[in-house]
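S.K.: predicted model and sequence below, questions to follow.
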Amino acid sequence: MGENRPSNGQILSTEWVESAHDDTALGFIELLRGRMLENFVGMELVKQIGYAPAPYRLYHLRTSKGREVDFIIEDEAGRLLGVEVKASATLRSDDFRHLRALAEWVPERWASGVVLYLGETQLPFGKGFWALPITSLWHRNAETAGL
């Protein structure tokens, strides 16, 4: 591949990403893609909360045991909507595990849980849990989400 010859005659290789590193590089790209999508959704939620007719609060949860919920939206009545973001066009029930745990921790305040994903179909994942396309941020059915 690319060779560079410095003035002293040595050969420098620019092949820093070889096949052994491809998995690491691809993993990093997927991680970055997921984080960028999560940040994008977070900024959209901040904007929408800013002009919502009712006051909402936005939180993030990470426990000492590693459970994480990307976003928690609290309405003025104290009800909670959990939001996970997945950079995938398909989902599994396991993608809702942290939302289900949060629902168990605060059942009296729990409204609903949604996973925003890259698919195109709104899908139920049990009572009060929904998979929603990320485009639902602009074309949403508030009744589905429970808030």
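M.R.: Arrived safely, thanks for sending. Numbers count the residues shown, from 1 in each chain.
S.K.: what segments of the chain are helices?
M.R.: With DSSP state H applied, the chain shows helices at 19-50, 97-105, 142-145, listed in chain order.
S.K.: ok, of the ones you listed, where does mean pLDDT dip lowest?
M.R.: Looking at those, the lowest mean pLDDT belongs to helix 142-145 (a mean of 48).
S.K.: any buried residues in stretch 61-72, and which?
M.R.: In terms of neighbour count (16 or more other CB atoms under 10 Å), stretch 61-72 has its buried residues at 61, 69-72. The C-beta positions use only the backbone N, C-alpha and C, and glycine is treated the same way.
S.K.: residues making contact with it?
M.R.: 38, 41-42, 45, 58-60, 80-85, 98-99, 101-102 (CB atoms under 8 Å, 6 or more residues apart in numbering).
S.K.: what's the closest non-adjacent residue to residue 136?
M.R.: Nearest residue to residue 136 in three dimensions, chain neighbours excluded: residue 116, at 6.7 Å (CB to CB, 6 or more residues apart in numbering).
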